[in-house]
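1. generate a structure from the sequence data that follows.
(2 chains)
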There are 2 protein chains.
Amino acid sequence: MVNRASAAVPIEGGRFMVIGGASLVGSATTEELLARGAAEVRLFDNFSFGSGDAIAHLKDDPRVTVVQGDILRLHQLLAATEGLDGVIHLAAFMTLSMDRDPWGGLDVNIRGVQNVLEACRASKVKKLIFSSSNAVYGYGPGVKGDLVEETPFFSVGAPPAAILYGASKIVGEQLCRDAYRRHGQDYVVVRYSTVYGERQHYRAANALYIVETHDAIKRGERPKVIGDGSETKHFVYVGDLARANCLALAAAATDVAVNTSGPAPVTTLELVKLVAELSGRPDLEPLLVEPDPGKVRLTSGGAFRIDHSAAKAAIGWEPQVDMREGLRRLLFWRDRNTV
Amino acid sequence: MVNRASAAVPIEGGRFMVIGGASLVGSATTEELLARGAAEVRLFDNFSFGSGDAIAHLKDDPRVTVVQGDILRLHQLLAATEGLDGVIHLAAFMTLSMDRDPWGGLDVNIRGVQNVLEACRASKVKKLIFSSSNAVYGYGPGVKGDLVEETPFFSVGAPPAAILYGASKIVGEQLCRDAYRRHGQDYVVVRYSTVYGERQHYRAANALYIVETHDAIKRGERPKVIGDGSETKHFVYVGDLARANCLALAAAATDVAVNTSGPAPVTTLELVKLVAELSGRPDLEPLLVEPDPGKVRLTSGGAFRIDHSAAKAAIGWEPQVDMREGLRRLLFWRDRNTV
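-> Sure thing, here's the model as predicted:
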């Protein structure tokens, strides 16, 4: 890690673009940028996964511009990055989409990052924040204990799409490192754990538990838990991530990758019970069911915890919202926004 | 791993294509296929790394056809794979080339594999042998002890190009697994350790020690060893790999990845001394030098050994040529073929 005073990009008065902006993390990050006084925020999205709903509440802010574009079309990125101080690159296929279309997923997660880096160089963008994932530590029984930034990539027994996703994020991170070495492109890699929060979608394999549990409870059904419920998940609240993205821009840090995760991990069983309790139906006891072998599942063998202490050291970030409070906000939002 | 009788593709009377055929491993594999009675061998190469010299001795065999083509051009692969029983896919950027051109390297190592798989499916090729690498275990101090097929990918401290290379091979392997799951494409992944042998080139970071040592000795200079010479390398003789490729085709095994490596690892110091001895100049003692920070180097921290016992179980392969004999053959070839 190299720390240079020049790598700090103040949010106040700055011009930014959020790529994959019409998304869960994108909309929250945009809110945070605006709240911190950004002069301009461009939301770049091809709207294949993103939706107008996710950014409807932002469009009336005169500082916000929506750019419909595709990161596979370099010329669109070149035009869209002109005059920017910083770019937050979120657009990606996650595991479920990678399973449906690996060809498209590798294009977006690898060529897409190359195009973003080329555009940042051409437009002299001062700093790039690249959203990576704890998927760079992989899956399966090897993933246990404290996961730190040096943890290797485990893959034995994982479905191809999960490994392709994790490997594509490793590639994306290294493309950033390479750009820093070749032409001094400042960047911070923020490795997200499983994100949840208001405007939660159905595309993230691990966060599906929350929305599926909530849906079942609203139908008056007992929520399902696959397996024995002892599997660990380590979520992070979307608002905490939005703050991490802003701190990563504003910090002096560059050429570094940091974990972001919530205050503590939960087991699947704890999570489902918490959702039932917060939905006012603690009586609906979780139903343990056998895994469906046809579905892509990401199993973690042992208990693990994603250590986020390096993020504090590098960009001054710590999570503020615990699982109970974050879930409360998400469920409140869902109750008001779903039929 | 699934074993099906139908996954065995006999070499005798079969029609094959070696992609990246005009190469060290390609030419040796072609020789082996011809010796085992193949009816036809197509050598597919774009000649960007490959050379006519590497296959000059094969061109006169009426069973051999040279196809100049590029794996990034799917239509060329579709035409070239028609009527084939098996494909051996070797074409790739290794770490040094990946460092020079990461964009091109990721195209070839990822999109190239996708194109090869698409062509195999369209042309109903029975089995694909995909050349992977022990680079899927990564680099640095984590890489130690016995490396087995389940060893995770370590990357801390490695240069971006080395990680990009390893990750691209992980992606290529998973694309094969994905093709097997989606449409039953039989395949075997052969993970090569550092290859050496007749027609050795200057492109492989680890095998450079052999050719550079030999060159220095022929100039009457003491050969250089970077660091203290205790670093482990585990080579495999090219003829043994050619045999592994043929056995992988002919075996019933499918949907499996196996290591291939020589009988035993050596330290860099042992290797350099052996080259000096076999070159008739044991008096030229190795000179220990500091690493050049500007060059891409792949350091292994501790001692390691690449376990090849799974290859014996899956495809009946074991190495036959030890380091002394393989080096003797390589140096003999170099003395006759270089000025």
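2. what about the strands in the stretch 151-300 of chain A?
-> A:186-192, A:194-196, A:224-226, A:232-233, A:235-237, A:253-254, A:256-260, A:266-267, A:287-289 (DSSP state E, counting those that start in this stretch).
3. average pLDDT across the longest helix along chain A?
-> Ranked by number of residues, the top helix in chain A under DSSP state H is helix A:160-183. Helix A:160-183 shows a mean pLDDT of 98.
4. that helix near chain B at all?
-> Yes. Contact between helix A:160-183 and chain B, assessed by Cβ under 8 Å from any Cβ of the partner chain, occurs at A:160-161, A:163-164, A:167-168, A:170-171, A:174-175, A:177-178, A:181. Just so you know, the C-beta spots here come from the backbone N, C-alpha and C atoms, and that holds for glycine as well.
5. put the buried members of these into a PyMOL selection.
-> Buried members of the residues of helix A:160-183 next to chain B, defined by 16 or more other Cβ atoms under 10 Å in any protein chain shown, are picked up in PyMOL with:
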select buried, chain A and resi 160+161+163+164+167+168+170+171+174+175+177+178
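6. quick one: which of the residues of helix A:160-183 next to chain B is nearest residue B:37?
-> The nearest member of those to residue B:37, counting by Cβ to Cβ, is residue A:160 at 34.7 Å.
7. ok, now how distant is that closest one from residue B:170?
-> 11 Å (Cβ to Cβ, to the nearest Å).
8. go on, residue A:196?
-> 28 Å.
9. burial of the closest residue to residue A:51 other than its chain neighbours, as a residue count?
-> Leaving aside its chain neighbours, residue A:51 sits nearest to residue A:22 (5.9 Å; criterion: Cβ to Cβ, 6 or more residues apart in numbering or on different chains). By the criterion of other Cβ atoms under 10 Å in any protein chain shown, residue A:22 has 28 neighbours.
10. closest to residue B:102 among the residues of helix A:160-183 next to chain B?
-> residue A:178 (5.8 Å).
11. do I have it right that that closest one meets residue B:163?
-> No. Between residue A:178 and residue B:163 there is no contact under Cβ atoms under 8 Å: 9.4 Å.
12. between helix B:160-183 and the longest helix of chain A, find me the angle.
-> Between helix A:160-183 and helix B:160-183, the angle comes out at 160 degrees (axes from the mean of the first three to the mean of the last three Cα atoms, to 10 degrees).
13. quick one: helix A:160-183 to chain centroid distance?
-> The chain centre lies 15 Å from the centre of helix A:160-183; the measure is Cα atoms, centre = their mean, to the nearest Å.
14. over to stretch A:258-266?
-> The answer for stretch A:258-266 is 12 Å, by Cα atoms, centre = their mean.
15. kindly report the same for stretch A:309-324.
-> With Cα atoms, centre = their mean, you get 15 Å for stretch A:309-324.
16. now it - C-alpha only, CSV.
-> Listed next in CSV are the C-alpha coordinates belonging to stretch A:309-324 (Å, rounded to 0.1, in the frame of the first residue of the first chain):
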residue,chain,number,x,y,z
SER,A,309,-10.1,-3.9,10.8
ALA,A,310,-8.0,-3.1,7.7
ALA,A,311,-10.7,-0.8,6.4
LYS,A,312,-10.5,1.2,9.7
ALA,A,313,-6.8,1.6,9.3
ALA,A,314,-6.8,2.4,5.6
ILE,A,315,-10.0,4.5,5.1
GLY,A,316,-11.3,5.1,8.7
TRP,A,317,-14.4,3.0,8.2
GLU,A,318,-16.3,0.8,10.6
PRO,A,319,-19.8,-0.5,10.3
GLN,A,320,-22.4,1.4,12.3
VAL,A,321,-25.6,-0.5,11.7
ASP,A,322,-26.1,-3.9,13.2
MET,A,323,-28.2,-6.7,11.8
ARG,A,324,-31.3,-6.0,13.9
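17. contacts made by it with the rest, please.
-> For stretch A:309-324, contacts defined as Cβ atoms under 8 Å, 6 or more residues apart in numbering or on different chains pick out A:1, A:148-149, A:188, A:190, A:235-237, A:239-240, A:243-244, A:247-248, A:250-251, A:253, A:256, A:258-264, A:266, A:271, A:274, A:278, A:308, A:329.
18. and if we set it to 7 Å?
-> A:1, A:149, A:188, A:235-237, A:239-240, A:243-244, A:247-248, A:251, A:253, A:256, A:258-263, A:266, A:274, A:308 (Cβ atoms under 7 Å, 6 or more residues apart in numbering or on different chains).
19. are any of those residues buried, and which?
-> Using 16+ other Cβ under 10 Å, the buried members of the contacts of stretch A:309-324 are A:149, A:188, A:235-237, A:239-240, A:243-244, A:247-248, A:251, A:253, A:256, A:258-263, A:266, A:274, A:308.
20. pretty sure residue A:262 sits against residue A:236.
-> Yes. Using Cβ atoms under 7 Å, residue A:262 is in contact with residue A:236, at 4.7 Å.
21. ok, back up a step: list the contacts for the residue nearest to residue A:51?
-> A:43, A:45, A:47, A:50-52, A:54-55.
22. avg pLDDT for stretch A:306-319?
-> Rounded mean pLDDT across stretch A:306-319 is 98.
23. in that stretch, what counts as buried?
-> A:306-308, A:310-311, A:314-315, A:317, A:319.
24. show me what residue A:18 bridges to in the sheet.
-> residue A:43, residue A:88 (DSSP bridges).
25. and the stretch 101-250 of chain A, which residues reach chain B?
-> A:102-103, A:106, A:110, A:114, A:138, A:142, A:150, A:152-154, A:156, A:160, A:163-164, A:167, A:170-171, A:174-175, A:177-178, A:181 (Cβ under 7 Å from any Cβ of the partner chain).
26. the same query, at a cut-off of 8 Å, please.
-> Within the stretch 101-250 of chain A, the positions near chain B by Cβ under 8 Å from any Cβ are A:102-103, A:106, A:110-111, A:114, A:138, A:142, A:150, A:152-156, A:160-161, A:163-164, A:167-168, A:170-171, A:174-175, A:177-178, A:181.
27. list the contacts of the residue of chain A most remote from its centre.
-> The centre of chain A is farthest from one residue, residue A:283, which by Cα atoms, centre = their mean lies 32.6 Å away. By Cβ under 8 Å, 6+ apart, the residues touching residue A:283 are residue A:276.
28. measure it to residue A:146 for me?
-> 36 Å.
29. go on, residue A:186?
-> For residue A:186, the distance to residue A:146 - Cβ to Cβ - is 28 Å.
30. neighbour count: the two, which is higher?
-> In this view residue A:186 and residue A:146 are compared by other Cβ under 10 Å, and residue A:186 has more residues nearby, 25 against 10.
31. next up, phi/psi of residue A:99, please.
-> Phi and psi for residue A:99, reported as degrees, to the nearest 10, are phi -70, psi -40.
32. does it touch residue A:159 like I think?
-> Yes. The criterion here is Cβ under 8 Å, and residue A:99 meets it with residue A:159 at 7.0 Å.
33. before we move on, the earlier item: which among the contacts of residue A:22 count as buried?
-> Here, 16+ other Cβ under 10 Å leaves A:43, A:45, A:50, A:54-55 buried among the contacts of residue A:22.
34. just the ones of those in helices?
-> Using DSSP H, the buried ones among the contacts of residue A:22 in helices are A:54-55.
35. would a markdown table of the buried ones among the contacts of residue A:22 with pLDDT be doable?
-> As requested, the buried ones among the contacts of residue A:22 are exported to a markdown table (pLDDT from 0 to 100):
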| residue | pLDDT |
| --- | --- |
| A:43 | 98 |
| A:45 | 97 |
| A:50 | 86 |
| A:54 | 88 |
| A:55 | 92 |
